[in-house]
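1. give me coordinates for this.
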Amino acid sequence: MYAISLNDDGAELRPLEPWQAEEFLAHIDRGREFIGQYVAMPDAVTDLESSRTFLRSYAEKAATDTGRIHGIWVDGTLVGGVIFRTMDLAHGTAEAGCWLEPSAAGKGLVTRAIRVLIDWAVEERGIHRVEWQVAAANAASIAVARRLGMTRDGVLRESYSYRGKRHDIEVWSVLAPEWRAARQAS
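-> Here you go, the predicted structure:
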């Protein structure tokens with residue numbers, strides 16, 4: 001198992017795997033309402049079996065190179081995570097996402113964690129375009145896209161039905177040459 005330090009405060013990024021289903025469920029339970037404002041994961045992860053099934057689906061994606069899931073731990077407690085919901089190596093595309101429980105919000109953890117994943121996807125896996133799809137009302141996630149240097153490609157108006165309401169989805173992206181240029185500049 002590997003862990004990548006995200007800061008000097010005990011935060012680290014690690015793979016999130018099916019054997020951690022109980023810990024994942026406890027984390028989702030702590031942040032269920034906060035996470036569920038814009039992310040459907042809490043509606044899918046409701047008990048130990050659904051937690052295991054969710055993590056198993058990402059283990060299968062990792063095995064087939066079509067997605068990844070990593071947790072963010074602070075002082076040994078799972079507080080959030082980042083994903084490649086999809087990865088298409090043939091087309092060089094991936095869709096990234098994130099979630100946090102309230103105790104971890106506003107500390108820059110997602111920005112640092114997703115940078116690690118994007119670096120890996122671009123440099124190791126040859127991904128050309130990383131996409132970030134976010135509910136237009138999710139200001140915190142849009143701020144992450146901006147901090148990552150992504151460009152707002154447009155809005156998919158009322159394209160996502162969630163909890164009985166239709167939501168606009170903003171699509172943000174960064175291309176590999178843009179990512180590399182920004183990383184060199186910093």
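
2. and the host helix or strand of residue 177, C-alpha only, in CSV?
-> Assigned by DSSP states H and E, residue 177 belongs to helix 176-185. Written as CSV, here are the backbone C-alpha positions of helix 176-185 (Å, rounded to 0.1, in the frame of the first residue of the first chain):
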residue,chain,number,x,y,z
ALA,A,176,-2.2,17.8,-21.2
PRO,A,177,-0.2,20.6,-22.8
GLU,A,178,-1.9,23.2,-20.6
TRP,A,179,-1.4,21.0,-17.6
ARG,A,180,2.3,20.6,-18.3
ALA,A,181,2.8,24.3,-19.0
ALA,A,182,1.1,25.3,-15.8
ARG,A,183,3.1,22.7,-13.8
GLN,A,184,6.4,24.0,-15.3
ALA,A,185,5.4,27.7,-14.5
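
3. part of a helix, is residue 13?
-> No - using DSSP: H, G, I helix; E, B strand; the rest coil, the assignment for residue 13 is strand, not a helix.

4. by contact count, what packs against the worst-scoring helix or strand of the chain on mean pLDDT?
-> Lowest by mean pLDDT, DSSP states H and E among the helices and strands of the chain is strand 4-5, with a mean of 91. On a contact count with 3 or more Cβ pairs under 8 Å, 6 or more residues apart in numbering; DSSP states H and E, strand 4-5 meets strand 11-15. Using the backbone N, CA and C atoms, a C-beta is placed for each residue, glycine as well.

5. buried residues in the strand it packs on, which are they?
-> Using 16 or more other Cβ atoms under 10 Å as the test for burial, strand 11-15 gives 11-14.

6. between those residues, which is nearest residue 174?
-> Checking the buried residues of strand 11-15 against residue 174 by Cβ to Cβ gives residue 13 as the nearest, at 18.9 Å.

7. so what touches the helix holding residue 177?
-> Where contact means Cβ atoms under 8 Å, 6 or more residues apart in numbering, the residues beyond helix 176-185 that reach it are 92, 118-119, 122, 127-130, 149, 151, 174.
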